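*Asks:* give me a model of this one.
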Amino acid sequence: MHAAWAAPRNRIKRDFHFTMTPVDDSALKPGTGIDLVINLHSLNPVSHASVIFETDPKTRNLIVAAPDVSQYLNGNKPAQFHVSTMIRTESGEKNRVGFPCKVTKVIPGYRLANGNTTQALALNYTPTPEDVNVRSAFRYSPTAAHEVMGKLIIAGHDFFSGDQFRICDISTTGVGLVIPRLLGKGKNPLTALETGRIAKLGIVLRDHTQDKEHIDTLQTAISIIRINRKFNELSIFAGCRFTKIDTRGEEMLSHFIHNAQLHEIRSITHT
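*Replies:* Now for the predicted structure:
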């Protein structure tokens, strides 16, 4: 086991009655960055960056850094989980696959090699992976370290994030907007948005984690596909889909989201 991810040896029970499988799961090693994909086959899959702390190929058990998945562990219909990583095929090509898995335990105080503790998940995975090519699964909620700002243009009127709305999540296929009901003592005109409305959206991506702050910008059109007017007492929610985003914009967003999620995981495990 890699020293950086060392942990108590007896945390995972060993089972030597193991049936060999031709599936290559050797990529699931301690220290490997992964994505935990939730509800892969649904209309709205979600992905969170994570990292493997411990692995036992004999019992197919993993312990991984835990993003906030509590909302997916409760309810009558448990969510479907996949551990996603890159594997090399017999032809030498690399494919992104997801190993179906079940959450067997939530570990609130998992001890890291540096003495810190963090929340972790114990998983048991199936050795038969599935292709993972759902780009919309990679969604991110902006933070102070990785900011996402925007300007909406609707019917010739400009609306700016920070006051009139807030981008609460973003993926390569769309954004979620939280819209305050009031601006000062007056009503926020964005609360009149209806599904089907088309708007222009300019996006600014700011990465504060590099030695020199990195900024990217892109422009796209969006369609309002969902409005939740009961989001909370102070705000409504608008789910928006990108309708005109070029390949450069998609790649820029994918890169930004990936780096932001990895930064969050590293902040937890290395501080």
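*Asks:* and the longest helix along the chain, what does it pack onto?
*Replies:* When the chain is parsed with DSSP state H, its longest helix is helix 247-270. Applying 3 or more C-beta pairs under 8 Å, 6 or more residues apart in numbering; DSSP states H and E, one finds that helix 247-270 makes contact with strand 33-38, strand 46-56, strand 61-65, strand 146-154, strand 198-207, strand 214-228. Where you see a C-beta, it was placed from the backbone N, CA and C, and this is true even at glycine.
*Asks:* give me the low-pLDDT residue ranges for the protein?
*Replies:* Applying pLDDT under 70 to the chain flags the ranges 1-24, 43-44, 75-76, 89, 92, 94, 133-138, 265-271.
*Asks:* how does the chain divide into domains?
*Replies:* 3-137, 146-262 (automatic domain parsing).
*Asks:* can you put those in JSON lines and add mean neighbour count?
*Replies:* Output for the domains of the chain, formatted as JSON lines (neighbours: other C-beta atoms under 10 Å):
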{"stretch": "domain 3-137", "mean neighbour count": "16"}
{"stretch": "domain 146-262", "mean neighbour count": "16"}
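*Asks:* so which of the helices and strands packed on helix 247-270 is nearest R111?
*Replies:* Closest approach to R111 among these (C-beta to C-beta): strand 46-56, 9.9 Å.
*Asks:* now the angle from the closest one to helix 247-270?
*Replies:* Counting by axes from the mean of the first three to the mean of the last three C-alpha atoms, to 10 degrees, strand 46-56 points 40 degrees away from the direction of helix 247-270.
*Asks:* tell me which other helices or strands strand 46-56 touches.
*Replies:* The contact analysis (3+ C-beta pairs under 8 Å, 6+ apart) places strand 46-56 against strand 33-38, strand 61-65, helix 247-270.
*Asks:* that one: how far from the chain's middle?
*Replies:* From the chain centre to the centre of strand 46-56 is a distance of 12 Å (C-alpha atoms, centre = their mean, to the nearest Å).
*Asks:* with distance to G239 as extra columns, can I get the helices and strands packed on strand 46-56 in JSON lines?
*Replies:* Below are the helices and strands packed on strand 46-56 laid out as JSON lines (distance: least, C-beta to C-beta, whole Å):
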{"stretch": "strand 33-38", "distance to G239": "17"}
{"stretch": "strand 61-65", "distance to G239": "28"}
{"stretch": "helix 247-270", "distance to G239": "16"}
